[in-house]
Structure formats: C-alpha cells, structure tokens
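Participant: need the 3D shape of this:
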Amino acid sequence: MSIDENFHSPVRFAIMASLVSVDKAEFAFVRDAIEVSDSVLSKQATALEAVGYLQIIKGHVGRRPRTWFALTPQGRAAFAAHLEALRSLAEAAAHYAAGPS
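Facilitator: Sure, this is the predicted structure:
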C-alpha cells in the first residue's frame with residue numbers, strides 16, 4: 001500500500017471523506033461541510049473526476065440547476081487504500097516513538 005498523491009490536497013481529501021458514507025451529495029452540502037468556496041470545490045472536484053475517483057452529476061430540481069457528487073467504485077477503493085496506508089504510517093510512527101520494548 002502507498003499514499004495516493006491524488007489526496008495530497010487537503011480539499012481533495014475532505015471531498016472524499018465527506019462522500020465516503022453516502023451514495024451522492026449535493027455540491028452545496030459538500031461545500032459547506034468542508035468549508036471552501038464554490039470555485040475551490042469545483043476545481044478540486046474536477047481534478048478527482050479526471051482521475052476517475054469522482055462522478056459529477058448535473059441536473060435540475062424544478063427550474064434550478066444542481067450538481068451532485070458521487071464516489072466511483074475506483075474512488076472508494078483508492079480512498080480506502082489511502083486511509084489504510086495512513087493508518088500503517090501512524091502505527092509505525094507510534095511504535096517508533098514508544099522506543100525499544
């Protein structure tokens with residue numbers, strides 16, 4: 001397992017984390033949850049879409065345009081692997097910090 005460079009951006013990591021427990025979420029929900037501007041969210045979401053980790057869904061609710069985000073199966077797997085790599089690093093650091101047994 002290795003750290004996925006696509007999640008080095010804290011905003012990309014936060015987007016993935018905010019979507020991991022849902023099927024899809026509206027743009028405004030994700031924006032408010034991770035506390036970024038529309039333009040920052042749009043740019044980082046587009047980057048995740050480009051690598052196949054995020055699906056951006058456009059539609060309407062009544063007459064109002066809406067955008068939703070959904071993790072792809074590839075995105076879910078990549079994020080899970082990234083989290084496991086982080087856990088492994090954290091455990092190794094904790095073991096090292098504890099010193100010799």
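Participant: and the pLDDT for the residue nearest the centre of the chain?
Facilitator: Geometric centre of the chain, nearest residue: Met16, 1.5 Å, by CA atoms, centre = their mean. pLDDT, Met16: 98.
Participant: separation between the nearest residue to Leu54 once chain neighbours are set aside and Trp68?
Facilitator: Once flanking residues are discounted, Leu54 sits nearest to Leu48: 3.8 Å by CB to CB, 6 or more residues apart in numbering. All C-beta atoms are positioned from the backbone trio N, CA, C, and that covers glycine. Distance of Leu48 to Trp68, given as CB to CB, to the nearest Å: 14 Å.
Participant: doesn't Leu48 make contact with the residue nearest to the centre of the chain?
Facilitator: Yes: taking CB atoms under 8 Å as the definition, Met16 is a contact partner of Leu48 at 7.3 Å.
Participant: returning to that earlier point: hang on, the residue nearest to Leu54 packs against Leu19?
Facilitator: No: at 9.6 Å, Leu48 does not count as touching Leu19 under the criterion of CB under 8 Å.
Participant: on that earlier part again, who's more crowded, Leu48 and Trp68?
Facilitator: Leu48 (26 against 17; other CB atoms under 10 Å).
Participant: the more buried one sits in which helix or strand?
Facilitator: Leu48 belongs to helix 38-50 when assigned by DSSP states H and E.
Participant: what is that helix packed up against?
Facilitator: Applying 3 or more CB pairs under 8 Å, 6 or more residues apart in numbering; DSSP states H and E, we find helix 38-50 packed against helix 10-19, helix 27-34, strand 54-61.
Participant: many thanks, we can stop here.
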